[in-house]
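Engineer: Let's see this in three dimensions:
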Amino acid sequence: MPARAAGRLPGEEIDSLEAPIDYGTAMNDPIARFLKTYERAQKKDPGDHTRVALATADENGRPSVRMVLLRGVDDRGFVFFTNYGSSKAHELAANPQAALCFYWESIKEQVRVEGTVERAGSDESDAYFASRERASQLAAWASKQSSPLESRTQLLAEYLKVKARFAGREVPRPDFWGGFRLRPQRIEFWSNQPHRLHDRVAFVREGDGWVKERLYP
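Structural biologist: Sure, this is the predicted structure:
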């Protein structure tokens with residue numbers, strides 16, 4: 001038989017597990033709970049907290065995934081921005097359902113979000129585009145995102161053309177660039193716990209509210 005520590009019974013080591021962080025009333029509101037978790041991640045690692053994996057599928061159900069940056073979240077959903085000619089935008093047009101997966105190593109927590117996707121309003125896209133640094137605004141004009149590129153030299157040449165075009169004036173948002181909002185139908189929270197006894201809680205949209213259930217890890 002394997003040896004065990006003197007005076008310790010099997011399973012006794014889990015008696016002192018810490019309970020997951022209690023956010024009070026936010027525990028029963030998945031958006032409020034997400035914002036609390038997001039705030040903790042931001043404090044621990046301010047340069048990494050906005051990164052999220054976005055999974056989409058085409059009209060035939062073939063999946064693809066990539067990292068994007070979260071640029072807004074409220075009761076309406078989760079917002080990210082992209083070129084509307086990109087692969088992900090084409091997939092979302094053909095199959096407007098997607099999933100997000102956040103993982104913050106700094107706090108050892110994960111959040112998964114699933115739902116339907118729609119374009120954000122033009123006012124939202126204009127406001128966010130205006131907040132970007134000028135070089136990034138110019139890059140949005142220069143890049144035919146996801147299209148074949150002959151060489152990096154070609155990309156830099158396109159960038160210089162755009163830079164000259166808008167010299168001395170504000171850079172407007174291209175009509176082929178803007179936001180998407182994922183309206184969540186399911187949000188799951190996962191928190192790392194000792195001995196792989198992780199904490200998992202899922203919220204499923206039901207009417208105007210949410211149904212909460214705890215899951216085995």
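
Engineer: avg pLDDT for stretch 200-216?
Structural biologist: The average of the pLDDT scores along stretch 200-216 is 95.

Engineer: how long is that stretch from one end to the other?
Structural biologist: 7 Å (CA to CA, to the nearest Å).

Engineer: and residue 114, what is it in contact with?
Structural biologist: Residue 114 sits next to 97-100, 184-187 when contact means CB atoms under 8 Å, 6 or more residues apart in numbering. To be clear about C-beta, it is placed using only N, CA and C from the backbone, and glycine gets the same treatment.

Engineer: change it to 10 Å
Structural biologist: Applying CB atoms under 10 Å, 6 or more residues apart in numbering, one finds that residue 114 lies in contact with 55, 97-101, 182, 184-188, 204-205.

Engineer: ok, what's across the strand from it?
Structural biologist: Counting by DSSP bridges, residue 114 forms beta bridges with residue 99, residue 186.

Engineer: Next, find the distance separating it from residue 83.
Structural biologist: Between residue 114 and residue 83 the computed distance is 24 Å (CB to CB, to the nearest Å).

Engineer: what residue lies at the spatial centre of the chain?
Structural biologist: What sits nearest the mean C-alpha location of the chain, by CA atoms, centre = their mean, is residue 52, with 3.6 Å.

Engineer: how about stretch 130-145: buried residues?
Structural biologist: Residues of stretch 130-145 classed as buried: 132, 137-143, 145 (neighbour count, 16 or more other CB atoms under 10 Å).

Engineer: residues in contact with residue 55?
Structural biologist: Residues near residue 55 by CB under 10 Å, 6+ apart: 63-66, 88, 91, 97-101, 112, 114.

Engineer: Show me what it is bridged to.
Structural biologist: residue 65, residue 99.

Engineer: what's the pLDDT at it?
Structural biologist: At residue 55, the predicted lDDT confidence score is 98.

Engineer: now do residue 13
Structural biologist: You'll see residue 13 listed with a pLDDT of 55.

Engineer: Then the one 10 residues further on?
Structural biologist: Turning to residue 23, the model gives it a pLDDT of 69.

Engineer: Dihedrals phi and psi, residue 59?
Structural biologist: phi -70, psi -20 (degrees, to the nearest 10).

Engineer: got the contact list for it?
Structural biologist: Listed by CB under 10 Å, 6+ apart, the contact set of residue 59 reads 90-91, 93-95.

Engineer: And the residues you listed, which is closest to residue 127?
Structural biologist: Nearest to residue 127 out of the contacts of residue 59 is residue 93 (CB to CB; 23.0 Å).
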